[in-house]
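Visitor: Sequence and computational prediction follow.
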Amino acid sequence: MPDIVARTLALSDRIATSAAALVERDRCVVIGRGYNHSTAFEWALKIAELAYLVAQPFSAADFRHGPQAIVEPGLDVLATATDGPLFDDVADLIGIVRDRGARVIALSDRADCPADDLIALPSGLPEWITPVPVVVAAQLFTYHLTVARGYDPDTPRALHKVTKTV
């Protein structure tokens, strides 16, 4: 695991280049499926909390049933697309949204992922381990996006360590 994380962290400069594409944006969609369904939700949450973009997360399967209506030129779709039984479905959806004019940035361990901007993660991992490099890359992406937008990732404006509920 330490080697996987180190190899992912070594992609920081590459990830910063991809994150810069969203500097002027105000919204994006984040999709994932299978083991990385929750990773997509975490990525979207961090983007909203730190970079102040509306980042709507979806299961790749659910996105096909209505939400894909928001896809148009100028929409950025961030995707987690790792090897496993659901890769072909996510790759197919990436192709569909690209055909409709969206720009896709993908975190993937597959060289054949059809994204416009592929961030190549360590490959050959069991599918259940892929959330580790994906979430590390997503957090680096968010960090670089936040800094590029001129915000301090260490002092988000509305994040509290303790939330009181009634």
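Guide: Yep, it's here.
Visitor: And the longest helix anywhere in the chain, what does it pack against?
Guide: In the chain, assigned by DSSP state H, the helix with the most residues is helix 131-148. Using 3 or more CB pairs under 8 Å, 6 or more residues apart in numbering; DSSP states H and E, the elements in contact with helix 131-148 are helix 2-9, helix 12-19, helix 37-46, strand 76-80, strand 103-108. All C-beta atoms are positioned from the backbone trio N, CA, C, and that covers glycine.
Visitor: mind checking which of the ones you listed is nearest residue 147?
Guide: Nearest to residue 147, of all the helices and strands packed on helix 131-148, is helix 12-19, at 8.4 Å by CB to CB.
Visitor: Just the buried residues of that closest one, please?
Guide: 15-16, 18-19 (16 or more other CB atoms under 10 Å).
Visitor: and which of those residues is nearest residue 90?
Guide: For these, the nearest to residue 90 is residue 18 (17.7 Å; CB to CB).
Visitor: So the closest one is in contact with residue 105, correct?
Guide: Yes. Between residue 18 and residue 105 there is a contact under CB atoms under 8 Å: 5.3 Å.
Visitor: Give the residues shared as contacts by those two.
Guide: 117, 119 (CB atoms under 8 Å, 6 or more residues apart in numbering).
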